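[1] from the sequence below, what's the structure:
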Amino acid sequence: MDISKIDLLIEFALAAAGQEDHDNRQLGPIHLVKYVYLGDLAYAKYHNGKTFTRTGWRFYHFGPWAYEVYKRIEPVILETVAREERYSHPQYEDDFVRWTLIDEDLYLQLERELPFEVTSTIKRAIHRFGSDTSGLLHYVYNTEPMLKAAPEEILSFEMANQLSNTKDDNEEEKETLTVKAKKKRKAKIDTLREKIKKGLAQKRRSIKLVPSPTPPRYDEVFYEGQKWLDKLAGQPIEEESGLLTISDDFWKSPARFDPNVS
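    Numbering: from 1, shown residues only. Here you go, the predicted model:
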């Protein structure tokens, strides 16, 4: 675990949020922890499964968690000029806190110092979720390290690296193409584009207008028919209550991480 790197990611998340619109600027502890996790995950994809902060992330409750990251939030807040605001909510026993840090110089400095894959990932996530706790938790819960772990287990980032072991086919093609080959490919694409354009134009000319549908009649026949269809469906399902028990084997089931299993 590298405390200095944890602090840098917390600072960057706060500073990046400060560049957003007002609704996305305020972050709480849970948001900062998750954004640091996403930064670690992005770094692991390009560095043999090793995280940037070397933190031991764990499957805890509804997402990835690291107490080491959480306990660094307060010291970082004290070192910055982040503004703290506390709110009360009927759903919570205690007040909850949000921090806002508007410091463009710090943001630009950290953006230069930190790895690009880390800063770009954190910025995109903050722009998408901000302080939307529900949306952010749902997103991190469905990341690969989480989907292949059970509650209380240490998360493995090794599988994340597999995403970057092979280059994208298009990327390799771009690297190997000569100037002449690129011009030739462009000519083929232009010809195909023109062919598709002419085909679409011809198709539009051949389309026949469809007359507007006749609006339904809500009369006695309609309602009698609706009653008849309801009878075909059988008796309505009655509400029941009970306790549903799920086997612990579920956490390692391919249904959690394999899109081809339903």
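
[2] tell me where this protein has strands.
    Ranges of strands in the chain, per DSSP state E, are 58-60, 63-65, 83-87, 96-100.

[3] between these, which gets nearest to Lys231?
    strand 63-65 (47.3 Å; CB to CB). Just so you know, the C-beta spots here come from the backbone N, C-alpha and C atoms, and that holds for glycine as well.

[4] name every strand pairing with the closest one and say which way it goes.
    strand 58-60 (antiparallel) (DSSP bridges).

[5] kindly compare burial across the strands of the chain and name the winner.
    Burial of the strands of the chain is given as mean neighbour count (mean count of other CB atoms under 10 Å); strand 63-65 ranks first at a mean of 22.

[6] do you know which of the strands of the chain lies nearest Leu192?
    strand 63-65 (45.3 Å).

[7] okay, stretch 238-251 in CSV with CA atoms only?
    Provided in CSV are the C-alpha atoms of stretch 238-251 (Å, rounded to 0.1, in the frame of the first residue of the first chain):
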residue,chain,number,x,y,z
GLU,A,238,-52.0,-14.1,-4.7
GLU,A,239,-49.3,-12.3,-2.7
GLU,A,240,-47.2,-14.5,-0.4
SER,A,241,-44.4,-13.8,2.0
GLY,A,242,-41.5,-16.0,3.1
LEU,A,243,-37.7,-16.3,3.4
LEU,A,244,-35.6,-16.9,0.3
THR,A,245,-32.3,-18.6,0.9
ILE,A,246,-29.5,-18.4,-1.7
SER,A,247,-26.6,-20.8,-1.7
ASP,A,248,-23.1,-19.4,-1.1
ASP,A,249,-22.1,-21.1,-4.4
PHE,A,250,-24.0,-18.3,-6.2
TRP,A,251,-21.1,-15.9,-5.7
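
[8] quick one: it to chain centroid distance?
    Distance of stretch 238-251 from its chain centroid, counting by CA atoms, centre = their mean, to the nearest Å, is 28 Å.

[9] picking that back up, need the strands of the chain in CSV (columns: distance to Gln226).
    Putting the strands of the chain into CSV (distance: least, CB to CB, whole Å) gives the following:
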stretch, distance to Gln226
strand 58-60, 49
strand 63-65, 46
strand 83-87, 49
strand 96-100, 49
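
[10] export those strands to a markdown table and tack on mean pLDDT?
    Putting these into a markdown table (pLDDT from 0 to 100) gives the following:
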| stretch | mean pLDDT |
| --- | --- |
| strand 58-60 | 91 |
| strand 63-65 | 91 |
| strand 83-87 | 83 |
| strand 96-100 | 86 |
